[in-house]
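Asks: Here is my input, please return the structure:
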Amino acid sequence: MLNSKLFKDDKLLLACAERDPAHITLGAHGDHVSKIHTALLILDGVSVSAAELKAKQYGESTAEAILHYKVKRKIINTAYQTAPDNIVGKMTVKSLDEEVAKVESDRPTPFNPSRHQFT
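Replies: Numbering: from 1, shown residues only. Model prediction:
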């Protein structure tokens, strides 16, 4: 289950969190990739190439940003890896989701005058 507002209703990101064959790799494109772009910008201030943003594509700059994200956080599946890779799999999507959810919860709630009584 994904909890961030950014990821929680996305079927492809949810599938990625649950099944190995649903990993997100070079060449993928769509709204789910755009959400990964947004998460990278929010969490690490990383922006991918304008062409990849426009196309909602998991291209070379997205792969580089994901690799940097994983290296920084030491996300490695030690069952079969000795170093991080540049794909979004179960561990990566869950990490992105948890961090984005934390950022979302840390943001102050916007002031809504209808919730307050003034005397």
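Asks: ok, longest helix in this structure?
Replies: For the chain, the helix with the greatest residue count under DSSP state H is helix 90-106.
Asks: how far does that one sit from the chain's center?
Replies: Here the centre of helix 90-106 is set off from its chain's centre by 7 Å, with Cα atoms, centre = their mean, to the nearest Å.
Asks: Next, the buried residues of that helix.
Replies: Using 16 or more other Cβ atoms under 10 Å as the test for burial, helix 90-106 gives T92, V93, K94, S95, L96, D97, E99, V100, A101. To be clear about C-beta, it is placed using only N, CA and C from the backbone, and glycine gets the same treatment.
Asks: so where's this protein uncertain?
Replies: 108-119 (pLDDT under 70).
Asks: Correct me if wrong: V48 contacts I66.
Replies: No. With contact defined as Cβ atoms under 8 Å, V48 and I66 do not form a contacting pair (9.5 Å).
Asks: Find residues that contact each of those two.
Replies: L40 (Cβ atoms under 8 Å, 6 or more residues apart in numbering).
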